[in-house]
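1. got a structure for you, letters missing:
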């Protein structure tokens, strides 16, 4: 009986309230009819924005303005659960710029659907991509960074770490978040700033300086394979070289095989190599030339080579080569080579003096010329001319076409060889 009485009282109260609030918006009709009221007692949602008048009054939005804050998003689209409060995941219908990033909510939600699309920034987060730069700064930056991408230029360093003072400009001491290689040295900023912290730490090159060690050779030229490590034929972009122009590997000119260089121009003290060249002649004979190359001081290479043919040991070759110049910036280099040979079978000793001239014609192509004279104890006098053309196919693979021409009292001879 008590439950029935209580239910009857509640129904009576509800019916009484309904009679007082005919549109069911939570506001009494009498209040809506007062001279100062602009809401309608006959419409639950006077402004038609999706929020009832009562919810708007309690939530302090304007019940006669569908877009209280003027951000081009209806109040109900911002207050998605229609409760008059700003809950997690909602924008504020009372603030045109909910996240305070300088962009209105309607500008960020450009299609006004209440969701963050692929081409939109988040009106609930001042830094949509979390890179340390506000969306407004990224959009207003000269040239524009992408507020939806942490690393606009994809160089491995977040935009906010590159623009350290967060002003959208590239200032002194900062890298450019819109360009992968700020200093244009051939290395992306992220490869130079290996830990991506925005600072130049020990062991890192400077992404704001094309030539970190100041030796006259760009960092990207010294780190020729762009791997951030010093390879066996690379100079260090962190240490100024004693002879910065004496680096043939910087020129990118591949070495010929038949009439080879002792070492790459600009060889460093302590370099040591053992190798062998095998040649199969058209008559079926085989010649093998194992050799040892050593560099006692910078720019001076020495070579000792044994010549072995089908019949066995056939002679020795001793060569020395000095670097005169190898200028990476000009793409030019040259040096001198002196070669002494002893042939066991004929017991003839010959000496050849050659000049090496090298030129890099582009990123991958190059030209080399070795020219000089050979004299021997058998009375020979021969002028030698050895041009080569090289094309770098890969980091460690090159195609070289070399011509070996010789002229003397006995006539002329020449051979083409590709490797």
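-> Great, that's in hand. Quick caveat, the model's predicted, so the values are computed rather than measured.
2. show me where the protein has helices.
-> 2-20, 29-33, 53-59, 75-78, 105-108, 135-140, 159-162, 189-192, 219-222, 248-251 (DSSP state H).
3. between those helices, which gets the lowest average pLDDT?
-> Looking at the helices of the chain, the lowest mean pLDDT belongs to helix 2-20 (a mean of 47).
4. pull the longest strand from this structure.
-> The strand that spans the most residues within the chain, counting by DSSP state E, is strand 312-327.
5. Packing partners of it?
-> Applying 3 or more C-beta pairs under 8 Å, 6 or more residues apart in numbering; DSSP states H and E, one finds that strand 312-327 contacts helix 248-251, strand 286-297, strand 300-309, strand 332-343. Placement of C-beta: from N, CA and C, glycine included.
6. burial measure for residue 387, as a count.
-> 16 (other C-beta atoms under 10 Å).
7. again with residue 396
-> When neighbours are counted by other C-beta under 10 Å, residue 396 registers 9.
8. follow-up on the earlier one: and the longest strand of the chain, which residues are buried?
-> For strand 312-327, a neighbour-count test (16 or more other C-beta atoms under 10 Å) marks 314-315, 317, 319, 321-323, 325-327 as buried.
9. Report the distance from that strand to the chain centre.
-> Per C-alpha atoms, centre = their mean, to the nearest Å, the displacement of strand 312-327 from the mean C-alpha position of its chain is 40 Å.
10. please begin residue numbering at 46 from this point
-> In the new count, where the first residue is 46, that last one comes out as strand 357-372.
11. Beta-bridge partners for residue 437, please?
-> On the basis of DSSP bridges, residue 437 is bridged to residue 443.
12. picking that back up, residue 76: which of the buried residues of strand 357-372 is nearest?
-> Set against residue 76, the nearest of the buried residues of strand 357-372 by C-beta to C-beta is residue 372 (89.3 Å).
13. returning to what we had before: direction included, what does the longest strand of the chain pair up with?
-> Next to strand 357-372 in the sheet, as set by DSSP bridges, lie strand 345-354 (antiparallel), strand 377-388 (antiparallel).
14. Go through those strands and name the closest to residue 227.
-> Closest among these, using C-beta to C-beta: strand 377-388, at 28.5 Å.
15. If you average the pLDDT over that closest one, what comes out?
-> Average pLDDT, strand 377-388: 93.
16. repeat for stretch 418-429
-> What stretch 418-429 shows for mean pLDDT is 91.
17. what about it, how long is it end to end?
-> Distance across stretch 418-429, first residue to last, is 6 Å (C-alpha to C-alpha, to the nearest Å).
18. Please spell out which residues along it are buried.
-> Buried-residue list, stretch 418-429, by 16+ other C-beta under 10 Å: 419, 421, 427, 429.
19. Could you measure from the second one over to residue 395?
-> What that stands for is residue 421. Distance, residue 421 to residue 395, using C-beta to C-beta, to the nearest Å: 4 Å.
20. Ok, the third one next?
-> In this structure, residue 427 and residue 395 are 9 Å apart, going by C-beta to C-beta.
21. Between the two, which contacts overlap?
-> Common contact partners of residue 427 and residue 395 (C-beta atoms under 8 Å, 6 or more residues apart in numbering): 419-420.
22. got a pLDDT number for residue 323?
-> 82.
23. cool, and the one 4 residues further on?
-> You'll see residue 327 listed with a pLDDT of 75.
24. neighbours around it, how many?
-> So residue 327, with other C-beta under 10 Å, has 5 neighbours.
25. Residue 232 now?
-> 27.
26. Surely it touches residue 265?
-> Yes: if you go by C-beta atoms under 8 Å, residue 232 and residue 265 touch, sitting 4.7 Å apart.
27. Between the two, which contacts overlap?
-> Joint contacts of residue 232 and residue 265 (C-beta under 8 Å, 6+ apart) are residue 271.
28. Flag every buried residue along stretch 179-195.
-> Quick answer for stretch 179-195 (16+ other C-beta under 10 Å): 179-184, 186, 190-195.
29. give the contact list for the residue most central in space within the chain.
-> By C-alpha atoms, centre = their mean, the chain has its centre lying nearest to residue 233, at 3.3 Å. Contacts of residue 233 were listed using C-beta under 8 Å, 6+ apart, and they are 200-201, 225-226.
30. Filter those residues down to the buried ones, ChimeraX style.
-> Provided next is the ChimeraX selection string for whichever of the contacts of residue 233 are buried by 16+ other C-beta under 10 Å:
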select :200,201,225,226
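31. Out of the contacts of residue 233, which one has the weakest pLDDT?
-> residue 200 (74).
32. Just to check, that residue is in contact with residue 235?
-> Yes: using C-beta under 8 Å, residue 200 makes contact with residue 235 at a distance of 4.3 Å.
33. Now for those two: what residues contact both?
-> residue 225.
34. any idea which of the buried residues of strand 357-372 is closest to residue 95?
-> residue 372 (73.1 Å).
35. thought that closest one was touching residue 378?
-> Yes: with contact defined as C-beta under 8 Å, residue 372 counts as touching residue 378 (6.5 Å).
36. Common neighbours of residue 421 and residue 395, please.
-> With C-beta under 8 Å, 6+ apart, residue 421 and residue 395 have no common neighbours.
37. Not counting its neighbours along the chain, what's nearest residue 255?
-> Of all residues not flanking residue 255 in the chain, residue 230 sits nearest, at 3.9 Å (C-beta to C-beta, 6 or more residues apart in numbering).
38. Look up how far residue 269 lies from that neighbour.
-> In terms of C-beta to C-beta, residue 230 sits 12 Å off from residue 269.
39. Residue 221 too?
-> Relative to residue 269, and taking C-beta to C-beta, residue 221 is found at 24 Å.
40. contacting residues around residue 378?
-> 293, 296, 298, 310-311, 368, 370-372, 401-404.
41. returning to what we had before: show me the one of the strands paired with strand 357-372 that comes nearest residue 71.
-> strand 377-388 (86.5 Å).
42. so where's the stretch 346-464 of the chain uncertain?
-> 373-375, 440, 455-464 (pLDDT under 70).
43. Between the strands paired with strand 357-372, which one is closest to residue 128.
-> Per C-beta to C-beta, nearest to residue 128 of the strands paired with strand 357-372: strand 377-388, 76.6 Å.
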